[in-house]
Every structure is written in structure tokens, then in C-alpha cells.
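Participant: just a sequence and a predicted model for now, questions to come.
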Protein chains: 2
Amino acid sequence: MAKDYRQMWESIGVDLEAHDKLLNVLPPTYGQVYMSQENRPEGMEYFDFVISEVHGLRIQELQEHKAAGGKVIGAFCVFVPEEIVRAAGGICVGLCSGVEIGAAKAEKVLPRNICPLIKSFMGFKLGKVCPYFESCDMVVGETTCDGKKKAFEILNDYVPVHMMETPQMKREKDKQLWRSEVQDFLVKVEEFTGSKVTDTSLRQSIKDINGKRRALLRLSELRKNIPTPISGKDCLLIEQIAMYDDVPRFTAQLNALCDELEVRVKEGKGFAEPAAPRIIVTGTPMALPNWKIPHIIETSGAVIVAEELCTGLRYFENLVPEEAENTGQMVEDIASRYLNINCACFTPNEGRMEKLVNLAKEYKADGIIHCSLAFCDPYLVEANRVENILKENDIPMLKIETDYGQEDSGQIKTRVEAFLEMIDKK
Amino acid sequence: MAKDYRQMWESIGVDLEAHDKLLNVLPPTYGQVYMSQENRPEGMEYFDFVISEVHGLRIQELQEHKAAGGKVIGAFCVFVPEEIVRAAGGICVGLCSGVEIGAAKAEKVLPRNICPLIKSFMGFKLGKVCPYFESCDMVVGETTCDGKKKAFEILNDYVPVHMMETPQMKREKDKQLWRSEVQDFLVKVEEFTGSKVTDTSLRQSIKDINGKRRALLRLSELRKNIPTPISGKDCLLIEQIAMYDDVPRFTAQLNALCDELEVRVKEGKGFAEPAAPRIIVTGTPMALPNWKIPHIIETSGAVIVAEELCTGLRYFENLVPEEAENTGQMVEDIASRYLNINCACFTPNEGRMEKLVNLAKEYKADGIIHCSLAFCDPYLVEANRVENILKENDIPMLKIETDYGQEDSGQIKTRVEAFLEMIDKK
């Protein structure tokens, strides 16, 4: 990092010793996973910089925002409508949960056998290791899975949590429930920030967030080319950063990268050989800094062309209409856009099945790798539906269940290599 | 069993070989767990008989019902309103899921690390081992937990499943959603059975099911006495049988048992010594034939005085009002009664916390044992809330996480004995 932020971290309550341990691990991992890649676009420099300042500059910005009376609202889920937070002058940030940390503390309040993402966020909070978490004035929880739903009750002992009830199905009555949850969230955010959400501020916010989504969709479109102009790992990183970076800056930087990638595409320059197997990853979110499976895949000779993940397409596909005249209609539009997300929390979740088959065609994928965090019932059980539909459509699939540890990396690499070989022979 | 039912089992599609294996295990287990108890009330004879004919006489009754044009509807959850099934002339049965069976088949469609109850019901269905399951014309699923919610999608490949969306919270809008789900269920059941639910039939059905609940509540009341006149294991068995036995017969037999227990109470006769530690068990359902933890507790010198379980109080506490004039009001009353259940699927679930503290007082309990099936996030995470409230109220608590295997029985027994010793010294 460019400067010493220790005083800032201390002032917001970060446990410096535990945080130092994290900082000792992250940069070498990043160097190994990211900086070792050849043939990277120059535009990745900005995102490398963001990561190098991930607990520095961005936290300083949040603190300045708070000092000026602004609020910071944290979330763990793509169902939290950031348009509303932004329209009330708040900053919405995705929270740390992609690394094994504070497990001993977390296991005092959580069962041992629980999703590593949940254990991670509890560990971060109980261990006071995450400056984003410590900057949060409020966290927004949701009912997308049992583990998170119940863990938010415990988290509420440490930071105020507002719960949004994501419905379990997608019928008209579920849409009504969700619309009402989005409306209640708007009222809550207004109360909490002390700022009124107006027609103008919400319309502008919708445009800003759509701008971010359009840039991410532009990046996705470029990956459809053969050879794909950028690695999947770099794209995952961008999708992870999208969740907490400043919105207009991120959008501008990503569009600049896309300009560069367009030139690459015209020149036929790619990240990998044109013949490299093209893989789509699908499953549970890969929260920063969880790059484990993509790193294994792309160091095994394949290239990832799309992420059907919450840290991926689920986060940015589908825009909110920009033509609504009043807040009521905008809330309705926002609710509709979010309920379109193909999360495995829904039963049934046919949209995801159709989406995967279509993605495989659109991105000319040779295979799909289903990655699930351990103990994640929604995705692990739904993997059976995915398996069936992909078999019907003759799309090869590999199922991986893992956590944030590195113990199974060798075994996973062997399985990925065998899968790629099988695809190659097909 | 009194007669040979093999032809009947074969005719409904039961895999006789797999079923034989189950029948070779159950009677000796039952003998060991139940018949070894001393000082049992005579009225238990009926329930012993029911178990001895569990796959015989009762299945024959279901088949006769079906032959006469009736429908059998299966369920795995205390949220399924049996009043409605009964009012349409259907029979509602709780399904087999309390024993490790068909795991290899189940693991072909489910993850390895999933709640044993879910793995069990999938194993029973895929292995065709359960004559109740094979007698079912329809299964009613619900969204109380991720594992079941998603497993029902797979189960629907093998038997028609109707899903009811249990809300995740208990606010007014959740009540509305649930009311609408109960109403939709009524329509579904009418369509499925071809029988109209009338004001008269629903009112009678409410009275019948309330009758069953009153008998179970009467049994519960009797257990408040010191010494308690009956073992917890026997009561659990009765609560398990309540879910699939003929309603008026069960009610009559249980009331006869309660008459006998009242005499016992007057005579000061108990199942255990008056000084035996009194335990309440709470947590996940103990589906038939899962008697593992109660057997350990009661062979360690304690007596279980209440089950704050789905196979326990959650199933029968709170009656449906009997005064409503029309079906619309009855549906509303039914919905309200069911939404009062303190299931860990709700966030928050404060009702369960208050309930546990009150139960400990009412039943003069010396301690509470929290029993959870492995991988059950709702109950395993909520155990933290339970722990806090019991600590505040100075009520000793032991947490056990287990499955249907016997490998950990020794270790659990050691922990239970240490807990009872600690209580004793208190």
C-alpha cells in the first residue's frame, strides 16, 4: 500500500495483529495467482491497484464519506438493491467472506460444519479483521439460505442487521412479497441515512448502477470471442471488485479496459490459445479473495469464459428500466429485476437450467464446471437438476465441492485435468 | 406381524428384499429400546401393537381406503394442515425418515453431507422400502429448510409433490402469504381427491384433529407430575405414531392410557425414581424409528418430561378454534394455528426461546438437551440463541449433534452422563 493506514484501521476498531496476518498472506497469493499470468491487458493495472489498496484507499474513502455524515451499508448477497442505498446518498459494499479467517472465534457461535462463506464473515466480524465490516453502519441480511438467515441473528449482536425476506418461489404472490420488501428497505434506508430518496435521485442511481452493469455485460460479450481476449481469473476479479468500488470510477475504468479488449479482439490476440477448452463456471459465489478453482482451471490449460455465479452474471445481467416516472414504479422495476436472479434459493429454479444451456451455446463453451462451497444445500442439491439438463443437452459437466482450504487443491487439479482431457477427446 | 403381507407389499411396488432387511432390524431394536423398560403402563400395549403392525395392518387400511377411491397424502413436516386432507376424505400420513437406509441410492442424487432425515426419505423412496411412501398418491413439500426445499424437486421425479411456501418471518405480510398457501392447498386437495371440502366436513375434521391434540396435551400435562408416570421414550413413540395412525382410534387409545396414568399419579407411581433428573429435549424432529438420544438419556438415569420437537409439542400444542362459521374463517384459523409453530425456519424465532424457558419451569426440568441432526443449519445455528437464553435463566444445557448411525452412541452416553452428574451437583 502507498501509505501507512494503521492509525485509520486502529481508529475504526480493526484488530491490527490479526489484520497483519491477513496482509502477510494476501499480497503473495495475489502475486502468485494474478501477476504470474502472461499476456494481461494493460487496463488490469487499475484493478491490480485497487487490490493493492483494498484495505487502504477505499477504506479511507468510506471513512471520509462517514465523516461527512454519510452511511456505509454492507451486504452479502446480490439481492440487496444497491440502487436504493445509493439514491439515499449511502455507499453499499460487499463484505469480506472469501477466506478462512477467525474460524476458532466463529465456531464458538456457529456449528463446525457450515458453509465456509458464513464461517468466514462471522470470523471477520468476531475477529475484527475486516475494515469494511468495521466501517459498516448497518448490514442487510436476507433469507436466501438457512445458514445466512440464522447467522444474521447472531451477527445482529455485533452490528445492526436489517433483514429482507427473499421469497422461496417466483409466483405472483412472491413478487408481491418481494416488492413490499424492497419498498420497506427504501423506507429503512431513508430513516437510517436521514436522506429522502427522490424520483430524481433514484432515477440517477438506477442509471449509475445500470452503467456498471452495462460495462460488465460489455466485458462478458467480449469474452464470447475465440480466442477470448482476457482470462477468466481477471474477469472474476473485476466482478468481485464491482461489489465495493466507487461506482462511476469502476465503470469508467472497466469501459477503458473494454476499449483495449476490443482492439485485442480485432487483432486476434487472446489470453490463451484459440484451441484452449472454454469453460463456464457455475455454482456458489466466489467472494474475494477466493480464486482457488479458477486458478486451478486456468493453470490446467483451459480458459473460463463466463461465471454463472453471484460473483458473475447473476450480479449484473438484466438492467432496471430507466423510463419510470415515479419512485413507486421504480421500486417495482427494481423488485422485478432482482427477482429475476436465478438463485438456487428458489424452488423450482428452472431459469438457471435454461440459462446454463443458453450460455454454453452463446459462449461456445466446451464444458461446465459446477463449483459449490461445502455444506451449501441449495446449490449442492440443485446440482442434480443441472446435471440432468446438461446431460440432455450433451454438455460435459464436472462437479466440485470445496472450501477455502488448499488441502484438496491437488486432488481438484487432477480431476479438472481429467475433465479437460475428456472434453478434448470428445 | 399377525399375517403375511408380502403379497400386499409386492403389489404396491415395495422392494421385498430391501424391506426384509429393514424388518430384520426393527423388531430387535424395538425390543431392546422399548420392551426392556420396566414399569410400563398397560395402555402401551396398543402402541406396541401398532409398531408390530407398522408395515402391516395400517398399510392394509390405507390400501382399503385407496380401493374405495380414497387418497393418501404424505408429509414430512408439522406445517402440513392435516385438517384439510381429512376434510376431503383423504388420509394424511407422516413418512418414514428416521433410519439410515438406501444411502447409496440417495447419494446418487443428493450430496453426501446432508441432513440424515432428507437422505433417509430419499433412500426410502429410491429404494422402494417404505410401504407408506409407496401408498402415497401425493406428497406435500414445504420450504422450511434448504435441504428439503430442494430435495422435493428431485422427489417430484418419483411421486407428485405439491409445495407449500412456509414464510421465513412472522409479520403480517407473512401471515397473508401463509393464509393464501393454506387456501391454495385446500383447492389442490379438493382437485386431487375429487371431494369438496364443506363447512361441515372441515369443522368436523378440525374437531377430530383437535381431539388428537387434546389427548397428546393431556399426556403432556400428566408428565408434569413428580414422579412422572411414563417414560419419555414411550411418549416419543406415541407422538411418532400420532402422525400416521387412524385419528379417532389413536385418540381413544391415548385417552385410555391417560386414564391409567391418572390413577398412577394418584398412587404416586412413576416411571423413574422421584429424584431422577428431569430433562426436556429440544431440537430437530426424531422421526420413527429414531429413538437413539432418548434411549441414551433414559438408560443413564434421567427421565425425559417433554419434547420441544416437531415430533412433540410443536405438533400438538395450540388448537384450531372450533367456532368458525364458514370455510374461509376456518382456513384463516388453521393458518394462524400453524404459523404459531416455533420452527427454526423463522427469523427471528423468539417464540421458541420463551417457550423453552417456560417449559423448564412448567415441567420442573433440571436441564435441557439440545439434539440436532447433523448439517441442520436452522437448528444448529439457532442453538446459539437457545444457549444464550438458557444461560440467562440459569438452565443447564447440553448440545448434541448426531445422525442415525450408532458409531457415536458411546461418546454421547459419556457426555450425557457427565451432564447429568453436573446437574446433580448443582
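Facilitator: Alright, I've got the coordinates.
Participant: hey, where'd the strands end up in chain A?
Facilitator: A:72-75, A:91-94, A:138-142, A:161-164, A:278-283, A:303-308, A:367-373, A:397-402 (DSSP state E).
Participant: mind putting these into TSV with distance to A:Glu317, mean neighbour count and mean pLDDT?
Facilitator: Any C-beta I mention is one placed from the backbone N, CA and C, and that applies to glycine too. Conversion of the strands of chain A to TSV gives the following (distance: least, Cβ to Cβ, whole Å; neighbours: other Cβ atoms under 10 Å in any protein chain shown; pLDDT from 0 to 100):
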stretch	distance to A:Glu317	mean neighbour count	mean pLDDT
strand A:72-75	18	25	98
strand A:91-94	17	23	96
strand A:138-142	19	23	98
strand A:161-164	20	20	98
strand A:278-283	13	26	98
strand A:303-308	9	25	98
strand A:367-373	17	24	98
strand A:397-402	21	20	98
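Participant: isn't A:Tyr46 up against A:Gln253?
Facilitator: Yes - applying Cβ atoms under 8 Å, one finds A:Tyr46 in contact with A:Gln253, separated by 4.4 Å.
Participant: higher neighbour count, those two?
Facilitator: A:Gln253 (22 against 19; other Cβ atoms under 10 Å in any protein chain shown).
Participant: sorry, back to before: now the strands of chain A in JSON lines, with distance to A:Ile296?
Facilitator: Below are the strands of chain A laid out as JSON lines (distance: least, Cβ to Cβ, whole Å):
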{"stretch": "strand A:72-75", "distance to A:Ile296": "28"}
{"stretch": "strand A:91-94", "distance to A:Ile296": "24"}
{"stretch": "strand A:138-142", "distance to A:Ile296": "30"}
{"stretch": "strand A:161-164", "distance to A:Ile296": "34"}
{"stretch": "strand A:278-283", "distance to A:Ile296": "11"}
{"stretch": "strand A:303-308", "distance to A:Ile296": "11"}
{"stretch": "strand A:367-373", "distance to A:Ile296": "10"}
{"stretch": "strand A:397-402", "distance to A:Ile296": "9"}
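Participant: tell me which of those lies nearest to B:Leu257.
Facilitator: Of all the strands of chain A, strand A:161-164 sits nearest to B:Leu257, with 44.1 Å by Cβ to Cβ.
Participant: strands paired with that closest one, and their directions?
Facilitator: Its sheet considered, strand A:161-164 pairs with strand A:138-142 (parallel) by DSSP bridges.
Participant: so how far is the partner strand off the chain centroid?
Facilitator: With Cα atoms, centre = their mean, to the nearest Å as the basis, strand A:138-142 stands 16 Å off its chain's centre.
Participant: for the stretch 301-426 of chain A, what lies in contact range of chain B?
Facilitator: Counting by Cβ under 8 Å from any Cβ of the partner chain, the stretch 301-426 of chain A comes close to chain B at A:344-345, A:347-348, A:374-375, A:377-378, A:380-385, A:401.
Participant: how close does A:Ile334 get to chain B?
Facilitator: A:Ile334 sits at a distance of 18 Å from chain B (criterion: Cβ to the nearest Cβ, to the nearest Å).
Participant: ok, residues contacting the longest helix anywhere in chain A?
Facilitator: Using DSSP state H, we find that the single longest helix of chain A is helix A:199-222. Residues outside helix A:199-222 that contact it (Cβ atoms under 8 Å, 6 or more residues apart in numbering or on different chains) are A:82-84, A:86-89, A:228-230, A:235, A:238-239, A:242, A:247-248, A:250-251, A:254-255, A:257-258, A:261-262, A:265, A:306, A:313, A:315-317, A:319-320, A:322, A:324-327, A:330, A:333-334.
Participant: report the angle between that helix and strand A:303-308.
Facilitator: Inter-element angle recorded for helix A:199-222 and strand A:303-308: 150 degrees (by axes from the mean of the first three to the mean of the last three Cα atoms, to 10 degrees).
Participant: please state the offset of helix A:199-222 from the chain centre?
Facilitator: Using Cα atoms, centre = their mean, the offset of helix A:199-222 from its chain centre is 16 Å.
Participant: quick check: mean pLDDT of it?
Facilitator: Averaged across helix A:199-222, the pLDDT comes to 98.
Participant: same check, this time on stretch A:165-173
Facilitator: 98.
Participant: buried stuff in that stretch?
Facilitator: Burial within stretch A:165-173, assessed by neighbour count using 16 or more other Cβ atoms under 10 Å in any protein chain shown, is assigned to A:165-170, A:173.
Participant: do that stretch and chain B meet at all?
Facilitator: Yes - Stretch A:165-173 lies within reach of chain B by Cβ under 8 Å from any Cβ, at A:165-169, A:173.
Participant: could the residues you listed go into JSON lines alongside distance to B:Ala75?
Facilitator: Formatted as JSON lines, these follow (distance: Cβ to Cβ, whole Å):
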{"residue": "A:Glu165", "distance to B:Ala75": "24"}
{"residue": "A:Thr166", "distance to B:Ala75": "25"}
{"residue": "A:Pro167", "distance to B:Ala75": "22"}
{"residue": "A:Gln168", "distance to B:Ala75": "17"}
{"residue": "A:Met169", "distance to B:Ala75": "18"}
{"residue": "A:Lys173", "distance to B:Ala75": "22"}
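Participant: need the residues of the stretch 1-150 of chain A near chain B, please.
Facilitator: Checking the stretch 1-150 of chain A against chain B by Cβ under 8 Å from any Cβ, the hits are A:109-111, A:113-114, A:143, A:145-147, A:149-150.
Participant: which pair of the residues you listed spans the longest distance?
Facilitator: Longest span within these, Cβ to Cβ: A:Asn113 and A:Thr143, 20.8 Å.
Participant: looking at those two, which has the bigger crowd around it?
Facilitator: Counted by other Cβ under 10 Å, A:Asn113 and A:Thr143 do not tie: A:Thr143 has more neighbours, with 26 against 16.
Participant: residues contacting that one?
Facilitator: A:149, A:163-166, A:345, B:168-169, B:347.
Participant: domain ranges for chain A, per the record?
Facilitator: Split into domains by automatic domain parsing, chain A comes to A:6-173, A:204-318+A:343-425.
Participant: want to throw those domains into TSV with distance to B:Lys119?
Facilitator: TSV is the format used below for those (distance: least, Cβ to Cβ, whole Å):
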stretch	distance to B:Lys119
domain A:6-173	15
domain A:204-318+A:343-425	11
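Participant: how about these, which one is nearest B:Gln60?
Facilitator: domain A:204-318+A:343-425 (34.8 Å).
Participant: how far out from the middle of the chain is that closest one?
Facilitator: On Cα atoms, centre = their mean, the centre of domain A:204-318+A:343-425 falls 11 Å from the chain's centre.
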